[in-house]
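Engineer: structure, please.
(one chain, ligands or ions: 1)
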Amino acid sequence: MSKPKIIVTRRWHEAVEKELLARFDTQLNEDDHPMSVAELQAALRNADAVLPTVCDKITAEVLGADNIQAKIMGSNGVGFNHIDLDAAKAAGLTVTNTPEVLTDCTADLAMTLLLSVARRAGEGERHLRSKSWTGWRPTHMMGTSVTGKTLGLIGMGRIARAVAARAAHGFNMKIIFHDPFPPSADDLEGLNATQCSSPEEVFAKADFVSLHCPGGEATYHLISDDAFAAMKSGAFLINTARGDVVEEAALVRALQSGAIAGAGLDVFEKEPKVSDELMAMENVVLLPHLGSATSETRYAMGMRVVENLEAFFAGDTPRDKLV
Ligand code: DGY
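Structural biologist: Take a look at the predicted model:
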């Protein structure tokens, strides 16, 4: 039997690309350019499997292409708000993602942002590199202590719980959270986490608000003027979830007016565009969507896609099937 034909939309971890080339009739995106709608549609017409990433917008328009041959889309990432799942299902496609393997990596990055913004690490590094540092002094760049503070989590899925574990056990933080679908008592064990009845309760009590909800319609602009008004004026917002959960213009207003103290952001509403106002602020730490960006994790994510494809082509249900 001939090998299934697969098209990969961006460059992947080298070792995973080798696996893909060995196991399937694989077409790589040699120059790593973002694919256009027409290219994505052509991929769906010409391959048995298309492997997109979280930056490919797999819209109803893309999935409305005629003569789609692909039967599975193995997305390289846990989030799936870039794929119109209803349209994919209607087009007869199975869609998979890569949960679990990036949980620790993303939680580490949330803590990186939290610590960096509280302790003014980005600002301090810029200060030093610009040769402005004149030496130690008691009033220089005082930040905000993290240990013992209250961390409020919006969403309490796997990544949020991994952040909670780091914050509770590493930094003695008090953990509060809101999730419309709260985890089981077993999953919360050892975190000493207190459930809040609404996001507003979290906003009112937390010193750090960290977002861990999926993007998309249900959470679009969940964090807007009202949310910022409900937060403590000394609070920091951390976002490693999805950019469109936060109304960026409202965040800029909140930072400019002092409604909150700062923000640590890995994702943006109009990614990769970031508003000029945020770029100019010292009390924000900005990262280019690096949540899962370690070599180990990107390898594991890629191999999870490979596993899903192998299962699918063997006639089994892939373990990470979304639709
Ligand atoms: C995901 O997997 O959804 C991440 O955003 C990519 O790091």
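
Engineer: the closest residue to the ligand within the stretch 151-300 of the chain: what secondary structure?
Structural biologist: Nearest residue of the stretch 151-300 of the chain to the ligand (CB to the nearest ligand atom) works out as S292 at 3.4 Å. For the C-beta atoms, the positions are set from N, CA and C on the backbone; glycine is no exception. Secondary structure for S292, judged by DSSP: H, G, I helix; E, B strand; the rest coil, is coil.

Engineer: which residues touch the nearest residue to it once chain neighbours are set aside?
Structural biologist: Distances taken as CB to CB, 6 or more residues apart in numbering put L102 closest to S292, at 4.0 Å, once the chain neighbours are dropped. Going by CB atoms under 8 Å, 6 or more residues apart in numbering, L102 touches 77-78, 291-292, 297, 300-301.

Engineer: from L278, how far off is L102?
Structural biologist: As judged by CB to CB, to the nearest Å, L102 and L278 stand 25 Å apart.

Engineer: tell me how far the lengthiest helix in the chain lies from the chain's centre.
Structural biologist: Across the chain, the longest stretch assigned as helix under DSSP state H is helix 295-313. Relative to the centre of its chain, helix 295-313 is centred 18 Å away, using CA atoms, centre = their mean, to the nearest Å.

Engineer: contact residues of the stretch 51-200 of the chain facing the ligand?
Structural biologist: Within the stretch 51-200 of the chain, the positions near the ligand by CB under 6 Å from any ligand atom are 54, 77-79, 102.

Engineer: take the residues you listed and lay them out in JSON lines including pLDDT and secondary structure.
Structural biologist: Formatted as JSON lines, those follow (pLDDT from 0 to 100; DSSP: H, G, I helix; E, B strand; the rest coil):
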{"residue": "V54", "pLDDT": "95", "secondary structure": "coil"}
{"residue": "G77", "pLDDT": "98", "secondary structure": "coil"}
{"residue": "V78", "pLDDT": "97", "secondary structure": "coil"}
{"residue": "G79", "pLDDT": "97", "secondary structure": "coil"}
{"residue": "L102", "pLDDT": "98", "secondary structure": "coil"}
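
Engineer: of those residues, just the buried ones, ChimeraX syntax please.
Structural biologist: The buried residues among these can be selected in ChimeraX (16 or more other CB atoms under 10 Å) with this line:
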select :54,77,78,79,102
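
Engineer: out of the residues of the stretch 51-200 of the chain next to the ligand, who's nearest V305?
Structural biologist: Nearest to V305 out of these is G77 (CB to CB; 9.4 Å).

Engineer: how many neighbours does N192 have?
Structural biologist: Using other CB atoms under 10 Å, N192 has 12 other residues around it.

Engineer: if I pick it, what's in contact with it?
Structural biologist: Taking CB under 8 Å, 6+ apart as the test, what N192 contacts is 168, 174-175.

Engineer: tell me how far it lies from A168.
Structural biologist: Distance from N192 to A168, by CB to CB: 6 Å.

Engineer: what sits in contact with each of the two?
Structural biologist: Taking CB under 8 Å, 6+ apart as the criterion, N192 and A168 both touch 174-175.

Engineer: name the SS class of T194, please.
Structural biologist: Per three-state DSSP, T194 ends up strand.

Engineer: is the nearest residue to it once chain neighbours are set aside in a helix, a strand, or coil?
Structural biologist: Nearest non-adjacent residue to T194, counting by CB to CB, 6+ apart: I176, 4.9 Å away. When classified by three-state DSSP, I176 comes out as strand.

Engineer: which residues does I176 form beta bridges with?
Structural biologist: Beta-bridge pairing for I176 (DSSP bridges): G152, T194.

Engineer: ok, it - contacts?
Structural biologist: 150-153, 193-196, 201-202, 205-206.

Engineer: I6 now?
Structural biologist: If you count contacts by CB under 8 Å, 6+ apart, I6 has them with 20, 24-27, 47-51, 309.

Engineer: please list the members of these that lie in strands.
Structural biologist: 25-27, 49-51 (DSSP state E).
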